[in-house]
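**Q** Here is my input; please provide its structure:
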Amino acid sequence: MKPLLSHLAAALAGAAIAAVIVQGTGAMDKTLAFQLTEPALIATPSGEQQYLLPSGTTVYHQTSFAEGHSLYAIEVMFDGQLPLQALQPEDSAEPLWLYKREAADMAGLQ
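**A** Numbering: from 1, shown residues only. The predicted structure follows:
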């Protein structure tokens with residue numbers, strides 16, 4: 001159970017960084033807020049590791065793309081100091097991918 005919690009904490013930390021980056025580009029529009037109705041998988045940009053975002057998580061729609069995917073931001077609380085690295089304005093952060101959870105996907109989670 002502890003590895004799952006550490007993975008979830010790492011995923012939420014990454015999501016918090018993404019949320020801060022999105023917020024840094026302008027005020028987050030909270031009028032397009034939604035809640036996940038079931039858990040969803042978060043994958044790293046390379047797709048190697050997966051983490052679980054719990055049901056009930058509020059996500060804020062940022063934009064949609066012609067390719068059919070959308071960008072969402074989340075807000076998280078963190079007690080303590082996050083291990084952060086500042087990005088330069090010319091750097092872009094690659095977003096994490098969120099996937100609908102399938103039963104087979106749960107086997108890889110600890």
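
**Q** from here on, contacts and neighbour counts on C-alpha atoms
**A** OK.

**Q** got the residue ranges for the strands in the chain?
**A** With strands called from DSSP state E, the chain shows them at 33-35, 40-43, 50-53, 58-64, 70-73, 97-100.

**Q** what's in contact with the shortest one?
**A** Around strand 33-35, the neighbours that count as contacts under CA atoms under 8 Å, 6 or more residues apart in numbering are 55, 56, 57, 58, 59, 60, 61.

**Q** same thing but at 10 Å, please
**A** For strand 33-35, contacts defined as CA atoms under 10 Å, 6 or more residues apart in numbering pick out 54, 55, 56, 57, 58, 59, 60, 61, 62, 72, 73, 74.

**Q** Which one (most neighbours) among those?
**A** Top of the contacts of strand 33-35 by neighbour number is residue 73, holding 25 neighbours under the definition other CA atoms under 10 Å.

**Q** now that one: how far from residue 102?
**A** As judged by CA to CA, to the nearest Å, residue 73 and residue 102 stand 22 Å apart.
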